[in-house]
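Participant: The following comprises the amino acid sequence and a computationally predicted model.
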Amino acid sequence: MAELSPIQPCLWFDDQARDAMEYYVDVFPNSRIDSIDEYPGESLDEHFAGMSGKVLNGQFTLNGVDFVCLDGGPAFTLSEAVSFVVSCADQAEIDHYWLKLSHVPESEQCGWCKDRFGVSWQIIPANMGELIRRPEQIQVMMQQKKVVIAELENA
């Protein structure tokens with residue numbers, strides 16, 4: 001088992017942890033799956049019924065940030081109450097991550113999107129604070145789904 005960072009997010013999936021890890025390491029540079037521990041056979045414990053071969057503990061790194069995940073079944077679900085901020089250098093980078101991560105159109109607003117696994121992301125420019133200093137810039141941002149830097153600069 002890889003050594004854990006002092007603090008890191010843990011994502012609970014119903015049964016898609018392996019697929020999510022593989023997808024995310026393809027989306028983000030400097031990323032890798034560090035380890036995957038699978039549930040043992042259900043004969044070991046009744047709580048493992050139907051979980052054999054699924055992810056008990058997955059450790060992965062996305063662009064230098066350590067994450068853990070698991071297949072825990074449907075008891076808990078992901079929500080917009082927790083999201084991950086992706087700080088982008090320019091519009092091309094915003095466009096790249098938006099294309100890869102936004103899969104739920106009704107969840108898109110102000111740079112927020114939701115991926116196909118239900119994880120919420122904020123895809124924003126690194127200088128977002130500078131781009132929303134004036135009320136008219138905030139008004140423009142509130143109307144955007146994907147952040148368009150030029151629109152904020154011109155507001």
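Facilitator: Arrived safely. Numbering: from 1, shown residues only.
Participant: Surely residue 80 is in contact with residue 113?
Facilitator: No. Contact between residue 80 and residue 113 fails when scored by CB atoms under 8 Å: they sit 10.1 Å apart. In this view, the C-beta of every residue, glycine as well, is placed from N, C-alpha and C.
Participant: joint contacts of these two?
Facilitator: The contact sets of residue 80 and residue 113 overlap at 107, 120 (CB atoms under 8 Å, 6 or more residues apart in numbering).
Participant: Mind checking which of these two has more residues around it?
Facilitator: residue 113 (25 against 12; other CB atoms under 10 Å).
Participant: does the more buried one have beta-bridge partners, and which?
Facilitator: residue 121 (DSSP bridges).
Participant: how close does it get to residue 130?
Facilitator: Distance of residue 113 to residue 130, given as CB to CB, to the nearest Å: 22 Å.
Participant: and what of residue 143?
Facilitator: From residue 143 across to residue 130, the span is 19 Å (CB to CB).
Participant: What of residue 58?
Facilitator: 37 Å.
Participant: And residue 20, by the same measure?
Facilitator: 33 Å.
Participant: same check, this time on residue 5
Facilitator: From residue 5 to residue 130 the distance is 30 Å (CB to CB).
Participant: can you check residue 105 too?
Facilitator: For residue 105, the distance to residue 130 - CB to CB - is 28 Å.
Participant: and what of residue 79?
Facilitator: 30 Å.
Participant: Residue 83 now?
Facilitator: 21 Å.
Participant: hey, where'd the helices end up in the chain?
Facilitator: For the chain, helices defined by DSSP state H occupy the ranges 17-27, 91-101, 128-131, 135-143, 149-154.
Participant: Enumerate the positions of the first one that are buried.
Facilitator: Under the neighbour-count criterion of 16 or more other CB atoms under 10 Å, helix 17-27 has 17, 18, 20, 21, 23, 24, 25, 27 buried.
Participant: can you check the third one too?
Facilitator: Using 16+ other CB under 10 Å as the test for burial, helix 128-131 gives 128, 131.
Participant: tell me what it is packed against?
Facilitator: helix 149-154 (3 or more CB pairs under 8 Å, 6 or more residues apart in numbering; DSSP states H and E).
Participant: I am finished for the moment; much appreciated.
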